[in-house]
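Q: Got a predicted model here, sequence first, then my questions.
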Amino acid sequence: MTSQRATFLIASLLTLSSAATAAAQQSDPLPETFSGVRPTGMGNALTPIAAGVDSLYHNPAGLARGEMYILDGAFTYTPQGGLLSAGIADSKTNPQIAAGVAYSYYFGSEDHADLSGHDVRFAAAVPVIPERISIGVGGRYMHFTDSSLPEIADDEDSQVLFKGFSVDVGAMFRVGELVHLGVTGQNLIDPCRDNARCRGSVPTRIGGGFGLGTVTSFQLTGQAMVDITSADDPIFDFGVGLEYLAANVIPLRVGFERRGFFDRNLITAGFGWRSQAAGLDVSYRHDLNQSSKFGYVAGGFSVYF
């Protein structure tokens, strides 16, 4: 009987230990990825109205929405670390095909200093009907590491949290003068689908959204996405945003974003300044589930040619 009790006790401790390890893995912070300063202030609801470099993060079809040449850079503060980002988009050199590329570097801080990573995006789009219908496709390469993972001499990827390529697709439609529609498939290859350590970082999401308004006055946007890889069952994410252009030069933004897998409810706000040649933007995002903590701040600049 004593032997049986000892065996039972050991088995129970091992089970509890495994459960605690799994819970710790699920609660571990994951690297943040950049999504654009303007989108951050609008609940990241840019599927129907993305343009320029923002299209690389939300809907590649937006690269061909209009003729432009834009260069931008940004810095984002998050509770876990920082993001340095830069991108360029060109739909002016050859109006028949637009293209863009962007890069962001994530570095963790304080308790999360073990995390770091690179995120490279590139995309191309064509205006099927100029200023009315556009389609696009994008690629992405990610390489994120966690130096707290055990280092194995013969395994160069032993401290790699996740890496790999993925693909985005999208289409945008302008219905009349004020109504915009967009559909997209994001991260159609999810490198974390079978990796419990990073599941939810780059989910495969499919969805669409609507936009109402014009870039010279106001834009009201909304979108709904289905996350099909982060969990066994589909998870719904959504966002809404509003942008109002005051005095023709100062965009004011507010929004709300719901991220189902991480149970995040985020309120967002932002403002900026616009001229014919340049722009500045600042955004703030606050997690209502952690209301006592300071949120996410992003600031960036844009230059137009």
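A: Now that the structure is in, tell me what you want to look at. Note that the structure is predicted; figures quoted are calculated from it, not measured. Residues are numbered from 1 along each chain as shown.
Q: now the helices for the stretch 201-305 of the chain?
A: Remark: helices of the stretch 201-305 of the chain are absent; assignment by DSSP state H, counting those that start in this stretch.
Q: can you give me the strands for it?
A: With DSSP state E, counting those that start in this stretch as the criterion, the stretch 201-305 of the chain has strands at 205-213, 218-227, 235-246, 250-259, 264-274, 278-287, 296-304.
Q: pretty sure Tyr69 contacts Ala89?
A: Yes. Using CB atoms under 8 Å, Tyr69 and Ala89 qualify as a contacting pair, with a distance of 7.5 Å. Placement of C-beta: from N, CA and C, glycine included.
Q: quick one: which of the two has more around it?
A: Ala89 (26 against 15; other CB atoms under 10 Å).
Q: What spatial separation is found between the closest residue in space to the more buried one that isn't next to it in sequence and Gln219?
A: Using CB to CB, 6 or more residues apart in numbering and skipping residues adjacent in sequence, the residue nearest Ala89 is Gly100, 3.5 Å away. Separation of Gly100 from Gln219 (CB to CB, to the nearest Å) stands at 21 Å.
Q: Also Leu212?
A: 7 Å.
Q: Same question for Leu178.
A: 9 Å.
Q: and for the two, which residues touch both?
A: Jointly contacting Leu178 and Gln219 under the rule CB atoms under 8 Å, 6 or more residues apart in numbering are Leu212, Gly213.
Q: tell me which element Ala124 is part of?
A: strand 115-129 (DSSP states H and E).
Q: host element of the residue nearest to Ala89?
A: strand 98-108.
Q: hey, what's Asp119 bridged with?
A: Beta-bridge pairing for Asp119 (DSSP bridges): Ser104, Met142.
Q: give the contact list for it.
A: Counted by CB under 8 Å, 6+ apart, Asp119 has contacts Thr33, Phe34, Tyr103, Ser104, Tyr105, Tyr106, Arg140, Tyr141, Met142.
Q: swap in Gly82?
A: Phe75, Thr76, Tyr106, Phe107, Ser109.
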